[in-house]
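> The sequence and its predicted three-dimensional model are supplied below.
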Amino acid sequence: MKKQRSIAVVNDISGFGRCSITVALPILCAMKIQCGILPTAILSNHTGYPDYTLLDFTEHMEPYLEKWKALQFSFDGLYTGYLGSKDQLSVIRHMLKNFSFEKVIVDPVMGDDGVLYPAYTQEMCNSLKQLVTHSTLTTPNVTELCFLTDTPYREDITETEILDMCKVLRSKGAQKIVVTGIVKDNQIGNAIYEDDNFEVLYNKRILPLRPGTGDVFSAILAGESLHNTPLTESVKTAASFIETCLTTSSKMNIPINDGVCFEEHLDLLISKS
Ligand code: PXL
């Protein structure tokens with residue numbers, strides 16, 4: 001039997017609201033990947049709700065990793081998401097030095113619709129700019145791509161401008177890039193930049209938008225990356241899974257802030273892997 005793949009997931013634990021680790025873990029497990037988790041912060045719920053508590057986990061991360069190292073745990077991949085502080089960059093750098101990851105997937109979680117998430121600072125964006133240079137695959141949305149390249153955000157950013165920003169990230173070291181959430185008419189597109197090729201794949205845009213869909217997307221891409229699936233196929237799988245989840249979430253009257261009820265459709269990912 002072929003060897004099981006494994007991944008270290010560095011992301012926050014939001015106790016309620018279907019994002020970050022509560023999304024990544026079930027999705028990656030459905031894709032038959034063994035997960036280790038390193039929390040960046042522990043929140044009562046994601047920051048899109050009117051209120052939340054946030055425990056920054058930074059000071060516990062180094063000792064936690066020292067144990068992982070001493071116990072000789074190893075992983076095929078590293079997948080990072082929401083950071084709890086700017087200082088977590090050095091922790092992740094340490095990880096890159098001490099473990100040998102074949103794949104490094106960086107979801108540069110920062111914001112949406114041209115604004116940073118609450119609790120995110122400019123310094124944290126600077127840390128993410130650094131982190132992205134180490135990625136074999138990164139998955140910014142259009143807002144995050146603008147922050148990463150110091151480009152003013154506009155709703156009507158063109159595909160050519162997106163390609164130019166991808167080239168900037170590539171020149172700084174990021175290998176493959178998938179840009180999510182490109183809106184055109186009634187469609188939503190994902191741009192794929194790989195080996196100097198650029199294409200945008202569009203799907204039907206399903207409203208309302210819901211939090212956590214970026215996390216579902218990057219978790220599927222991280223899993224597919226570990227399975228060495230071609231990137232175009234991975235993007236199609238993730239986009240179609242999200243479309244299905246958005247449709248079901250509306251049918252089931254899920255409150256918007258509660259995200260997408262991906263649990264209803266995990267079987268699609270299990271049968272594919
Ligand atoms: O889905 C991105 C995300 C991750 N983690 C936390 C968040 C958000 C978006 O709001 O608040 C804590």
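Thanks, I have it.
> got the residues of the stretch 51-200 of the chain near the ligand?
Y82, V109, Y117 (CB under 6 Å from any ligand atom). (Glycine included, C-beta is placed from N, CA and C.)
> can you map out the strands along the stretch 51-200 of the chain?
Listed in chain order, the strands of the stretch 51-200 of the chain (DSSP state E, counting those that start in this stretch) span 54-56, 77-80, 103-106, 111-112, 115-116, 137-138, 176-184, 187-194, 197-204.
> TSV for the residues of the stretch 51-200 of the chain next to the ligand, including neighbour count, pLDDT and distance to S20?
As requested, those are exported to TSV (neighbours: other CB atoms under 10 Å; pLDDT from 0 to 100; distance: CB to CB, whole Å):
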residue	neighbour count	pLDDT	distance to S20
Y82	28	97	5
V109	26	97	8
Y117	16	93	12
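> Which one of these is nearest to G36?
Y82 (17.0 Å; CB to CB).
> where's that closest one relative to G15, distance?
Counting by CB to CB, to the nearest Å, the separation of Y82 from G15 is 14 Å.
> Could I get the strands of the stretch 51-200 of the chain in TSV, plus columns for mean neighbour count and mean pLDDT?
Below are the strands of the stretch 51-200 of the chain laid out as TSV (neighbours: other CB atoms under 10 Å; pLDDT from 0 to 100):
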stretch	mean neighbour count	mean pLDDT
strand 54-56	15	97
strand 77-80	27	98
strand 103-106	24	98
strand 111-112	18	96
strand 115-116	14	95
strand 137-138	27	98
strand 176-184	21	97
strand 187-194	21	97
strand 197-204	14	97
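> Now tabulate those strands in CSV and tack on distance to E144.
Shown next, in CSV, are those (distance: least, CB to CB, whole Å):
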stretch, distance to E144
strand 54-56, 20
strand 77-80, 13
strand 103-106, 10
strand 111-112, 7
strand 115-116, 10
strand 137-138, 9
strand 176-184, 9
strand 187-194, 13
strand 197-204, 17
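> For A41, find the nearest of those strands.
Nearest of the strands of the stretch 51-200 of the chain (CB to CB): strand 54-56, 5.4 Å.
> Check which helices and strands the closest one sits against.
strand 34-43 (3 or more CB pairs under 8 Å, 6 or more residues apart in numbering; DSSP states H and E).
> Longest helix in the protein, please.
helix 231-251 (DSSP state H).
> okay, stretch 207-221 in PDB with CA atoms only?
The C-alpha trace of stretch 207-221 is given here as PDB (Å, rounded to 0.1, in the frame of the first residue of the first chain):
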ATOM      1  CA  LEU A 207     -24.800  34.500  -3.200                       C
ATOM      2  CA  PRO A 208     -24.700  35.300  -0.300                       C
ATOM      3  CA  LEU A 209     -20.900  35.200   0.200                       C
ATOM      4  CA  ARG A 210     -20.100  33.300   3.400                       C
ATOM      5  CA  PRO A 211     -17.000  33.400   5.700                       C
ATOM      6  CA  GLY A 212     -14.700  30.400   5.700                       C
ATOM      7  CA  THR A 213     -15.000  29.600   2.000                       C
ATOM      8  CA  GLY A 214     -11.300  30.700   1.500                       C
ATOM      9  CA  ASP A 215     -10.300  28.200   4.200                       C
ATOM     10  CA  VAL A 216     -12.300  25.400   2.500                       C
ATOM     11  CA  PHE A 217     -10.600  26.300  -0.800                       C
ATOM     12  CA  SER A 218      -7.000  26.400   0.500                       C
ATOM     13  CA  ALA A 219      -7.500  23.200   2.600                       C
ATOM     14  CA  ILE A 220      -8.600  21.300  -0.500                       C
ATOM     15  CA  LEU A 221      -5.700  22.700  -2.500                       C
END
